[in-house]
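S.K.: the following comprises the amino acid sequence and a computationally predicted model.
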Amino acid sequence: MTVNVDGGFSKGGGQGSWGYVIRDDEGEVIQAGAGKIRNALEAWQIELMACMRGVKAAQSLGIHTMLLETDAMMTVKALHGTEFRLSSMGGLLHELK
């Protein structure tokens, strides 16, 4: 199973949007979701929230082993390491891991 996520951020308005698509091993869409976040702090927060929403949606479908795909290299690096654990997004990272 693959969970593909993305987020967008409007710096001026402090708002963001997120989305995810869950696909099976043949690429068929199982579920998709999207939404908005008000009072966002930064773009990375929105990307992490998109990851959280996608992973939680997959888990609610009984999927516990998945490939998480994101285009945010900082998110990938943070999920594979520990150097961002004390950042402002450390709590979200910890929960996501």
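M.R.: Here it is on my side, so go on.
S.K.: CA atoms for contacts and neighbours, from now on please.
M.R.: OK.
S.K.: CA atoms only for the longest helix that the chain contains, dumped as CSV, please.
M.R.: Ranked by residue count and defined by DSSP state H, the top helix of the chain is helix 43-60. Extracted as CSV, the C-alpha positions of helix 43-60 are listed here (Å, rounded to 0.1, in the frame of the first residue of the first chain):
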residue,chain,number,x,y,z
ALA,A,43,4.8,25.0,5.3
TRP,A,44,6.6,22.1,7.0
GLN,A,45,3.8,21.9,9.6
ILE,A,46,1.3,21.5,6.8
GLU,A,47,3.3,18.8,5.1
LEU,A,48,3.6,16.9,8.4
MET,A,49,-0.1,17.2,9.0
ALA,A,50,-0.7,15.8,5.5
CYS,A,51,1.4,12.8,6.5
MET,A,52,-0.5,12.4,9.7
ARG,A,53,-3.9,12.5,8.0
GLY,A,54,-2.8,10.0,5.4
VAL,A,55,-1.2,7.6,7.8
LYS,A,56,-4.2,7.8,10.2
ALA,A,57,-6.6,7.2,7.4
ALA,A,58,-4.7,4.1,6.2
GLN,A,59,-4.6,2.8,9.8
SER,A,60,-8.4,3.3,10.1
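S.K.: buried set for it?
M.R.: 43-55, 57-58 (16 or more other C-alpha atoms under 10 Å).
S.K.: again with stretch 31-40
M.R.: 32, 40.
S.K.: looking at the most centrally placed residue in the chain now. What's its pLDDT?
M.R.: With distances taken as C-alpha atoms, centre = their mean, residue 51 lies nearest the centre of the chain, 1.4 Å away. Residue 51 carries a pLDDT value of 95.
S.K.: which non-adjacent residue is nearest it?
M.R.: Closest residue to residue 51 apart from its sequence neighbours, by C-alpha to C-alpha, 6 or more residues apart in numbering: residue 5 at 5.9 Å.
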